[in-house]
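[1] Got a predicted structure here, sequence first:
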Amino acid sequence: MSVLLNHQHTRWDLHTRNTMTLTADERRRTSHELGCNLVLSGLTEQQVADELGYTRARLGSALAVEGADPVDVWRLRDHLDRAARDQGAVPVAYTVLTEQARGDARRWFELRPDTTRTAAARDGDLGVSQ
């Protein structure tokens, strides 16, 4: 069973719970948006992997939006958004991982605030999300 979100073609697969089923175009756009915000963040892929506690392979899957746990993709999105803002940049807007989609995703996945040490240092308080 899949659930349609945002009246687009974004689907969250309820049978496998940890599968994000997006169209090829949605995966491509999301990957591009994540990549742009990685550049704006001023961080390297290794720094992001270390800050999130991901292996390079896990980060690669999340950046490519291919075979990644949806929670990993959302955490990466939020982390890069925050890091870009910390650099004084305006993050590239997300066309699929929107705030409306976050509300829908919270119903199906355990989306948690970014509680990495770096995020806590940036926020001044562990567990604060933007």
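    That came through, no problem.

[2] low-confidence ranges in this structure?
    By pLDDT under 70, the low-scoring segments of the chain are 1-20, 108-130.

[3] And the helices in this protein, which stretches?
    24-41, 45-52, 56-64, 70-86, 99-108, 117-123 (DSSP state H).

[4] tell me the most buried of these?
    Comparing those by mean neighbour count (mean count of other C-beta atoms under 10 Å), helix 70-86 ranks first with a mean of 21. Just so you know, the C-beta spots here come from the backbone N, C-alpha and C atoms, and that holds for glycine as well.

[5] Which secondary structure elements does that one sit against?
    strand 19-21, helix 24-41, helix 45-52, helix 56-64, helix 99-108, helix 117-123 (3 or more C-beta pairs under 8 Å, 6 or more residues apart in numbering; DSSP states H and E).

[6] which stretch among these comes nearest Trp74?
    Nearest of these to Trp74, taken as C-beta to C-beta: helix 99-108 at 6.6 Å.
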